[in-house]
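Peer 1: need the 3D shape of this:
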Amino acid sequence: MTDPTNNSRRHSAQVVDGPGKAASRAMLRAVGFNDEDFKKPQVGIASTWSMVTPCNSHINELAEFARDGADAGGGKGVIFNTITISDGIANGTEGMKYSLVSREVIADSIETVAGCEGFDGLVAIGGCDKNMPGCLMGLARLNRPSVFVYGGTIMPGKGHTDIVSVFEAMGAHSRGDIDLIELKNIEETAIPGPGSCGGMYTANTMASAIEALGMSLPGSSAQNAISQEKRDDCKAAGEAVLALLADDIKPSDIMTREAFENAITVVIALGGSTNAVLHLIGMARTIGVELSLADFTEIGKRVPVLADLRPSGHYMMSELVAIGGIQPLMKMLLDAGLLNGECLTVTGKTLEENLAEVEPYPAEPPIIAPLGNPIKAESHLRMLYGNLAPEGAVAKITGKEGTRFSGSARVFGSEEEAQARINDGTVVAGDVVVIRYEGPKGGPGMREMLTPTSAIMGRGLGNDVALITDGRFSGGSHGFVVGHVSPEAFDGGPLALVEDGDIITIDAVADTIDMRVPEEELMRRKAAWQRPEPRYTRGVLAKYARLVSSASTGAVTDQE
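Peer 2: The predicted model follows:
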């Protein structure tokens, strides 16, 4: 058991010490504190439990294990909740506009509760796309000793299915390839219980990135949601916060420039989601580290894609868990000089020390390719620039889609409009679908385009149609897709000037995205363009639209 020092109570002491704080103590006695508890460091346990989504439906139990760990380590654990939303449920609806917004609300709420209540340290437990980076941003703002815990991955559904299988089955039904009975069978069996979506989608991508960053205990990112390993991880995280308090190790000591480079490296090796670009830049800016799209490009030149994981690959996270998770992969990357082993982690040890005893994968596992024979020699995350995206855009190109696409623009002013035209057959081979006014301000909220990309795949057009947007993509999206186009259309970016029939060329080798329109014509269109009226003028979406930065700088709301 850690012997806490007075320094480890620098925040809670202001709330509970001395005769003048009798009222505070009285309130806390009613929720279970006793005399001894007031002498201990208080550890806030930020739980994202909710019935909203299977990703988080089990986290109430995990929060209790984390609290028990904090208590066993010599502290006093206090559980509190923050919100979560479900991308998988909201995708393709107006409600999806709240998704990225929720990341900021989560960060705000963790900062608010911990700042108000005087917690000395924190454990945050997340299990879905936005609540993980939201938790990290909240911890970064507070900069108190903290550990993040991933809620864990879901198990595969019947027939090796998952949530993306359902979205693509919807497209197949629209095309007439499967009937309603087959669609309902996939719907009923693809999501068998708690846990985050099963491929290397955004949840598993961000969990892996956070472990590589050093803010989770070793192994936390690759455990099944319902498992003893995950319960033990939570208990150990609660205990670890007390050790961090004793040594005064804070997020700013761990979330360094080199640690973010490690996180990017692991994301690329795993073939992770484009959302990692947005979230890692947002997290870095919150802790005061400069990170940009260019860093993904530079790191991507030397880091290969090694994992054959969904959506572009074959396997699920639970199958990677079964052979050892991401620790052996990180050891491979470290031994090859692709990771910085000197970075400090929440164990109080360096990354190299954490990986010292890690055993390699079983001989030639099909899930992880050897460094000498990678799935892709360079990064699948391509930062594109050109007259369509002067500030950059983000594509996920594994090579299976090809590396170059040129086609005729078919322009839509919203996701719903595009979805209808994909479903009714208006979108045909050779089209570049342009979905604009879906950016951080224009949406507002930068919706994911999983529904239209899944419809394109389901209609058999995955190799014949490209899609570009100032919105985002789900980690489950695949095909020739480009998002985060900046500046966004609502700010008068070039995407606002595209017209039906313009020839658009995307080159994932040269990393360019351009429309074949003379400069004089673009200037004429720009002069005639008018900004649309805001879609929301009150409430959280309107407030977000007024505050949010460009996607190229992380779409954050708390910058100067």
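
Peer 1: put the alpha carbons of stretch 419-427 into CSV.
Peer 2: Provided in CSV are the C-alpha atoms of stretch 419-427 (Å, rounded to 0.1, in the frame of the first residue of the first chain):
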residue,chain,number,x,y,z
GLN,A,419,-27.7,8.9,-48.9
ALA,A,420,-31.0,9.2,-50.8
ARG,A,421,-29.2,9.5,-54.2
ILE,A,422,-26.9,6.6,-53.4
ASN,A,423,-29.9,4.4,-52.5
ASP,A,424,-32.0,5.3,-55.6
GLY,A,425,-29.1,4.6,-58.0
THR,A,426,-28.4,8.2,-59.0
VAL,A,427,-24.8,7.8,-57.9
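
Peer 1: what comes up buried for it?
Peer 2: Residues of stretch 419-427 classed as buried by neighbour count (16 or more other CB atoms under 10 Å): Gln419, Arg421, Ile422, Asn423, Val427. Using the backbone N, CA and C atoms, a C-beta is placed for each residue, glycine as well.

Peer 1: contacting residues around that stretch?
Peer 2: With CB atoms under 8 Å, 6 or more residues apart in numbering as the test, stretch 419-427 has contacts from 92, 174, 410, 412, 418, 433, 451-452, 455-456, 459, 461, 465.

Peer 1: how about a cut-off of 10 Å?
Peer 2: 92, 170-171, 174-175, 410, 412, 414, 418, 428, 431, 433, 435, 449, 451-456, 458-459, 461, 464-465, 467 (CB atoms under 10 Å, 6 or more residues apart in numbering).

Peer 1: make sure Phe80 is indeed in a helix.
Peer 2: No. Looking at Phe80 with DSSP: H, G, I helix; E, B strand; the rest coil, it is strand, so not inside a helix.

Peer 1: correct me if wrong: it contacts Ala66.
Peer 2: No. Phe80 lies out of contact with Ala66 (CB atoms under 10 Å); the separation is 11.8 Å.

Peer 1: common neighbours of those two, please.
Peer 2: In contact with both Phe80 and Ala66: Ile45, Ala46, Ser47, Leu122, using CB under 10 Å, 6+ apart.

Peer 1: now the two most distant members of those residues.
Peer 2: Ser47 and Leu122 (11.3 Å; CB to CB).

Peer 1: give me the more crowded residue out of the two.
Peer 2: The neighbour count for Ser47 versus Leu122, taken as other CB atoms under 10 Å, is higher for Leu122 (29 against 26).

Peer 1: gap between the more buried one and Gly492?
Peer 2: As judged by CB to CB, to the nearest Å, Leu122 and Gly492 stand 41 Å apart.

Peer 1: quick check, pLDDT for the closest residue to Gly127 other than its chain neighbours.
Peer 2: In space, and not counting its chain neighbours, Gly127 is closest to Gly151: 2.8 Å by CB to CB, 6 or more residues apart in numbering. Predicted confidence (pLDDT) for Gly151: 98.

Peer 1: hang on, Gly151 packs against Pro194?
Peer 2: Yes. Here Gly151 reaches Pro194: they are 8.0 Å apart, a contact under CB under 10 Å.

Peer 1: what residues do those two have in common as contacts?
Peer 2: Joint contacts of Gly151 and Pro194 (CB under 10 Å, 6+ apart) are Cys55, Asn56, Ser57, His58, Ile59, Gly127, Ala225.

Peer 1: show me these that map onto helices.
Peer 2: Using DSSP state H, the members of the shared contacts of Gly151 and Pro194 that fall in helices are Ile59.

Peer 1: and of the shared contacts of Gly151 and Pro194, the nearest to Met523?
Peer 2: Among these, Cys55 lies closest to Met523 (CB to CB), at 46.9 Å.

Peer 1: burial measure for the closest residue to that closest one other than its chain neighbours, as a count.
Peer 2: Once flanking residues are discounted, Cys55 sits nearest to Cys128: 3.9 Å by CB to CB, 6+ apart. Using other CB under 10 Å, Cys128 is surrounded by 28 other residues.

Peer 1: for Thr112, same thing?
Peer 2: 12.

Peer 1: same check, this time on Ala114
Peer 2: Residues lying near Ala114 (other CB under 10 Å) number 26.

Peer 1: which strand or helix spans it?
Peer 2: Per DSSP states H and E, Ala114 falls inside helix 98-117.

Peer 1: thought Thr512 was touching Tyr385?
Peer 2: Yes. Counting by CB under 10 Å, Thr512 does reach Tyr385; the two are 6.5 Å apart.

Peer 1: which neighbours do the two share?
Peer 2: With CB under 10 Å, 6+ apart, Thr512 and Tyr385 have common neighbours Ala393.

Peer 1: in stretch 455-463, what's buried?
Peer 2: Residues of stretch 455-463 classed as buried: Ala455, Ile456, Met457, Gly458, Arg459, Leu461, Gly462 (neighbour count, 16+ other CB under 10 Å).

Peer 1: I'd like those residues as JSON lines, with secondary structure appended.
Peer 2: Formatted as JSON lines, the buried residues of stretch 455-463 follow (three-state DSSP):
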{"residue": "Ala455", "secondary structure": "helix"}
{"residue": "Ile456", "secondary structure": "helix"}
{"residue": "Met457", "secondary structure": "helix"}
{"residue": "Gly458", "secondary structure": "helix"}
{"residue": "Arg459", "secondary structure": "coil"}
{"residue": "Leu461", "secondary structure": "coil"}
{"residue": "Gly462", "secondary structure": "coil"}
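
Peer 1: sorry, back to before: neighbour-wise, which of Gly151 and Pro194 wins?
Peer 2: Gly151 (32 against 22).

Peer 1: so what's the more buried one up against?
Peer 2: Counting by CB under 10 Å, 6+ apart, Gly151 touches 47-49, 55-59, 62-63, 125-128, 131-132, 194-196, 203, 207, 220, 223, 225, 230, 233-234.

Peer 1: Pro145 is in contact with Gln120, correct?
Peer 2: Quick fix: residue 120 reads Asp, not Gln. Yes. Between Asp120 and Pro145 there is a contact under CB under 10 Å: 7.4 Å.

Peer 1: so what sits against both of those two?
Peer 2: With CB under 10 Å, 6+ apart, Asp120 and Pro145 have common neighbours Ser8, Pro41, Val43, Val241, Leu242, Leu245.

Peer 1: cool, thanks, signing off.
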